[in-house]
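Engineer: Next come a sequence and a model predicted from it.
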Amino acid sequence: MTVAALRQLPSGNWQASVLLDGGSRTTSTHRTPEAAANWAARTEAERDARRAAKAASSQKERGDIVLAELSDLIQNGWLDAAQLRRLRRLVAGSSRGQTT
């Protein structure tokens, strides 16, 4: 998602501004519009990579919590091992975008 803004300053330089998470912006000034656009593209790519890593980590944490809870259910006799194996396959499939 592109949310960069480029503008020419009175000095003739070009300023790029990129929206970060939390609504803050970061800016950088360059001599050419191409350099400003390249900086903005790199900055957005880094921001997007951080977002993706955070989302993947959060999804894994949720899956780990669910599996721990299910293990507790087995220990208390509420769920048998075969059911847990099936649920583990379902969780693993959904983390890869599959449904089983």
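Structural biologist: Nice, I can see it. Here the structure is a predicted model, which is why all the values come from computation and not from measurement. Numbers count the residues shown, from 1 in each chain.

Engineer: packing partners for the helix or strand containing residue 6?
Structural biologist: Assessed by DSSP states H and E, residue 6 sits inside strand 4-8. Helices and strands touching strand 4-8, by 3 or more C-beta pairs under 8 Å, 6 or more residues apart in numbering; DSSP states H and E, are strand 14-19, helix 33-75. Just so you know, the C-beta spots here come from the backbone N, C-alpha and C atoms, and that holds for glycine as well.

Engineer: How about the backbone phi and psi for residue 11?
Structural biologist: Per-residue torsions, residue 11: phi -70, psi -10 (degrees, to the nearest 10).

Engineer: how far away is it from residue 39?
Structural biologist: According to C-beta to C-beta, to the nearest Å, residue 11 stands 17 Å off from residue 39.

Engineer: about what we covered before: send the alpha carbons of the strand holding residue 6 over as CSV?
Structural biologist: The C-alpha trace of strand 4-8 is given here as CSV (Å, rounded to 0.1, in the frame of the first residue of the first chain):
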residue,chain,number,x,y,z
ALA,A,4,4.2,8.2,0.3
ALA,A,5,4.0,11.9,-0.7
LEU,A,6,6.6,13.7,-2.7
ARG,A,7,6.9,17.5,-2.9
GLN,A,8,9.4,19.9,-4.2
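
Engineer: so how far is it off the chain centroid?
Structural biologist: Centroid separation for strand 4-8 versus its chain: 25 Å, with C-alpha atoms, centre = their mean, to the nearest Å.
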